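In: Give the three-dimensional model of this entry:
(one chain, ligands or ions: 1)
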Amino acid sequence: KVLILDFGSQYTQLIARRVRELNIYCEIHPFNKIPTDLDSFKSVILSGSPNSVRGEDVLHPDLSEIRGKKPLLAVCYGAQYLAHFSGGEVAPSNTREYGRANLSFVKDNEAFFSGISKGSQVWMSHSDTIKQLPTNGVLLASTHDVENAAYKIEGEQTYAIQFHPEVYHSTDGKQLLENFLVTIANVEQDWTPQSFVEETVDALKAQLGNDKVVLGLSGGVDSSVAAILLHKAIGKNLYCIFVNNGLLRKNEFESVLKQYEGMGLNVKGVDASARFLDALEDVSDPELKRKAIGRVFIEVFDDEAHLIEDVKWLAQGTIYPDVIESVSATGGPSATIKSHHNVGGLPDFMKLKIVEPLKALFKDEVRRVGASMGMDKDILGRHPFPGPGLAIRILGSLNRENVRILQEVDAIFIDNLKAWDLYDKVWQAGAILLPVNSVGVMGDERTYEKCVALRAVESTDGMTADWVNLPYEFLQKTSNEIINKVKGVNRVVYDISSKPPATIEWE
Ligand code: XMP
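Out: Numbering: from 1, shown residues only. Got it, this is the predicted structure:
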């Protein structure tokens, strides 16, 4: 496996994803928390950083057990760090060095640049520049503006690049990582969905033995894949609970429950709609809605978990981005503090031991693992859906009638996306019920009815998003169908805001 030492770059997770795409397992650790089992890592990559090697906030990794001892690739800040502290020179650059550039020189016959030639596009993002290579540095590549764009250290398996191979705009970035990791560092490409499933199932068997495990299914990809993995490992000892909070999509509870049963899961559907909707009565503040839903969920789940005799574990669908320890801009790895308020009064299920079979995976890997276990595309390709469900898509306070209206509207929108073959091209879609009534005419009558907004976005992780350019004819037909079929709605609008500055949800 490969160790990625993080210096706080916004691209660190991308490095990990590119490495994993090569079927190589890697882990991200803060630069100043080098894992104690360093021997188990075959190679090390140093990430970029928002910091400067010349400033007071220079981040000093302890490379004594790494440099010269393992194949080392230093990216951006890493490359500057090696230069600055090993006999070279780093200075502020005169020209802006952001965005695309092309290699204007590539040294011949270097395994590191095998298959990559002059002209290849690379992505730069730095304000310092390497003026002079470190001791024993050998220049490997340049761009028009950056002479020392890549170098190696003679006598070591140490390579450094100023540009970012991990971003897609560096056209040959993946090739470069492959050259380094496979050809130079000799790391094995054995990290595949199949190998992950085999190893994880074995590990779960060993960890859980004959113990009972409880897991909350949400209908989403993560909890579903976690359930199937656990089911493979411990079969009927996995007790799944799927709660209907009354805020799911139309018919979702019944259809997803059926799907889960079809997959052989031991799943109990709990219809707690009334409890949730009662708790939400007259609540209009979005955060209070989320709190109320969270609280009722915990009560319902706790009641259900108590019915399982002798349960020892709580399984969660946590994924890798949730557990990576982040490096803050000031250099200290910022501890992720879990808000375990109210320790004395924790519900009983929270005192269970935690098992998180997906915590090493990125989202796209979760899907690949699911697919390799033969899971249905219907579940794996499902759009993300917020835990508080339709409650945060009904602006202001909600009631049962509003939920019904929005479910009808949402179902028409989503069904049409599927019918037009647009569902898989959209990252997330849904309808929002607005707290405004507007005037309309139906026949000879004036109406004064509700307005709904449709939202469809493309994104990779939900952090940034853009609205989808849906065909006019699609919008026309969908709008018509909604207004004709859903009583109480006389106007449909389409949200054309990007995130940032807007967000995906309206609350
Ligand atoms: P925003 O609106 O912040 O949404 O751009 C980003 C992603 O997060 C989802 N989302 C939530 N998911 N509980 C959830 O489980 C929440 O309270 C919540 N709020 C937003 C949203 O659907 C989108 O995918």
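In: can you give me the helices in this structure?
Out: Using DSSP state H, the helices of the chain run over 12-21, 77-84, 173-178, 193-208, 221-234, 252-262, 273-280, 286-306, 320-323, 363-372, 377-380, 400-419, 472-485.
In: Name the residues of this protein found near the ligand, please.
Out: Taking Cβ under 6 Å from any ligand atom as the contact definition, the chain meets the ligand at 290, 384, 386-388, 428, 462, 499, 503-505. Any C-beta I mention is one placed from the backbone N, CA and C, and that applies to glycine too.
In: What is the nearest of these to Ser127?
Out: Minimum distance to Ser127 across the residues of the chain next to the ligand is 26.9 Å, recorded for Lys499 (Cβ to Cβ).
In: With pLDDT and neighbour count as extra columns, can I get the residues of the chain next to the ligand in CSV?
Out: Shown next, in CSV, are these (pLDDT from 0 to 100; neighbours: other Cβ atoms under 10 Å):
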residue, pLDDT, neighbour count
Arg290, 95, 17
Pro384, 93, 15
Pro386, 94, 18
Gly387, 93, 14
Pro388, 95, 22
Gln428, 97, 19
Gly462, 84, 14
Lys499, 88, 16
Thr503, 94, 12
Ile504, 96, 22
Glu505, 97, 15
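In: Would you tell me which of the helices of the chain gets closest to Asn109?
Out: helix 173-178 (15.7 Å).
In: Tell me the gap between that closest one and the middle of its chain.
Out: How far helix 173-178 lies from its chain's middle: 22 Å, per Cα atoms, centre = their mean, to the nearest Å.
In: ok, now stretch 487-494?
Out: Centroid separation for stretch 487-494 versus its chain: 33 Å, with Cα atoms, centre = their mean.
In: same question, stretch 290-298
Out: 24 Å.
In: What of stretch 173-185?
Out: That offset, for stretch 173-185, works out to 25 Å (Cα atoms, centre = their mean).
In: Over to stretch 402-419?
Out: Relative to the centre of its chain, stretch 402-419 is centred 26 Å away, using Cα atoms, centre = their mean.
In: What is the neighbour count of Ser438?
Out: If you count neighbours by other Cβ atoms under 10 Å, Ser438 ends up with 13.
In: Quick check, Ala272 in contact with Val243.
Out: Yes: taking Cβ atoms under 8 Å as the definition, Ala272 is a contact partner of Val243 at 5.7 Å.
In: what is in contact with these two at once?
Out: Shared contacts of Ala272 and Val243, defined by Cβ atoms under 8 Å, 6 or more residues apart in numbering, are found at Val300.
In: Which residue of the two possesses the greater neighbour count?
Out: Each of Ala272 and Val243 has its neighbours counted (other Cβ under 10 Å); Val243 has more, 23 against 19.
In: just to revisit the earlier point, any chance of JSON lines for the residues of the chain next to the ligand, columns distance to His306?
Out: Supplementary listing: the residues of the chain next to the ligand in JSON lines, determined by distance: Cβ to Cβ, whole Å:
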{"residue": "Arg290", "distance to His306": "25"}
{"residue": "Pro384", "distance to His306": "30"}
{"residue": "Pro386", "distance to His306": "27"}
{"residue": "Gly387", "distance to His306": "22"}
{"residue": "Pro388", "distance to His306": "24"}
{"residue": "Gln428", "distance to His306": "35"}
{"residue": "Gly462", "distance to His306": "34"}
{"residue": "Lys499", "distance to His306": "40"}
{"residue": "Thr503", "distance to His306": "37"}
{"residue": "Ile504", "distance to His306": "36"}
{"residue": "Glu505", "distance to His306": "33"}
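In: among the residues you listed, which are in strands?
Out: With strands defined by DSSP state E, the entries of the residues of the chain next to the ligand inside them are Gln428.
In: now for the helices of the chain, which one comes closest to Ser142?
Out: Checking the helices of the chain against Ser142 by Cβ to Cβ gives helix 77-84 as the closest, at 13.2 Å.
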